[in-house]
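> Sharing a sequence plus its predicted fold:
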Amino acid sequence: MYTNDFEYYCAESTDEAIELLTNHDGAELIAGSHGLLPRMRTGEEEPPVLVDINALDELSLIERADGELSIGALATHAEISASEMIREDAPALSDAASEVGDVQVRNGGTIGGNLAHGDARTDHPAAVLALGGSLSVHGPDGERLINADDLFEGHFETAISDHEIVTELRIPIDENTTSTYLKRRNPVSGYPQ
């Protein structure tokens, strides 16, 4: 099936992306688009405007800062899985990233998009909840933090507003604990059971 017609913009900054979302009703962000594009092809979603944020390199950083792991929203599942820093400080997140979809999805899909998409059946939500993570989001009213406990409001519904963009995932570092993620794969869908 084909997608609906839509306008396409490539944002060159977070502020520009927010402005485009604010000025175009129904606009959606795209980066990896492994959640949105399949839903567009089936007609489940028909955004009139797509705002591409792939050019925002600052949203791909993975670093330690102030006792937290800071993982940019555009970090791919493959980058998270391969990161020594994440494997050391939050192994459950690295494990979950290695289980997401297939090679194509892991190399193109992003952590920010995965969590913002609101599909709690995927691998990352369980790990992020267990690790006490939070999302930093930016919108017309500035920056705010959303704790993982408060993120999911329903199936494909999150606490992220229509005009906000996820910029990073924050995971507290606790040197006295460790974590792991074990997946029992549904044989039909591949999602965790």
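All right, it came through fine.
> only C-alpha atoms for contact and neighbour calcs from this point on.
Fine.
> after the worst-scoring helix or strand of the chain on mean pLDDT comes which helix or strand?
Ranking every helix and strand in the chain by mean pLDDT, DSSP states H and E puts helix 36-41 at the bottom, with a mean of 84. As assigned by DSSP states H and E, the chain's next helix or strand after helix 36-41 is strand 49-52.
> Now that next one: buried residues?
49-52 (16 or more other CA atoms under 10 Å).
> Run through who's touching it.
6-11, 17, 20-21, 24, 26-31 (CA atoms under 8 Å, 6 or more residues apart in numbering).
> try 7 Å this time
Strand 49-52 is contacted by residues 6-11, 17, 24, 26-31 when judged by CA atoms under 7 Å, 6 or more residues apart in numbering.
> swap in stretch 129-141?
Contacts with stretch 129-141, where a contact means CA under 7 Å, 6+ apart, come from 18, 143-149, 163-172.
> circling back: so among the contacts of strand 49-52, which ones count as buried?
Buried, going by 16+ other CA under 10 Å: 9-11, 17, 24, 27-31, out of the contacts of strand 49-52.
> Just these: which are in strands?
Residues of the buried ones among the contacts of strand 49-52 located in strands (DSSP state E): 9-10, 28-30.
> Which pair of these spans the longest distance?
By the measure CA to CA, Cys10 and Glu28 form the most distant pair in those, at 11.9 Å.
> picking that back up, weed out the non-buried ones from the contacts of stretch 129-141.
Buried by 16+ other CA under 10 Å: 18, 146-148, 163-172, out of the contacts of stretch 129-141.
> mind listing the helices in the chain by residue range?
14-23, 36-41, 77-82, 84-89, 91-99, 103-108, 111-117, 123-130, 148-151 (DSSP state H).
> Please tabulate these in CSV, including the columns distance to Tyr181.
As requested, the helices of the chain are exported to CSV (distance: least, CA to CA, whole Å):
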stretch, distance to Tyr181
helix 14-23, 32
helix 36-41, 26
helix 77-82, 12
helix 84-89, 12
helix 91-99, 5
helix 103-108, 16
helix 111-117, 16
helix 123-130, 7
helix 148-151, 17
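> so which of those helices gets nearest Tyr191?
Relative to Tyr191, the nearest member of those by CA to CA is helix 123-130, separated by 7.5 Å.
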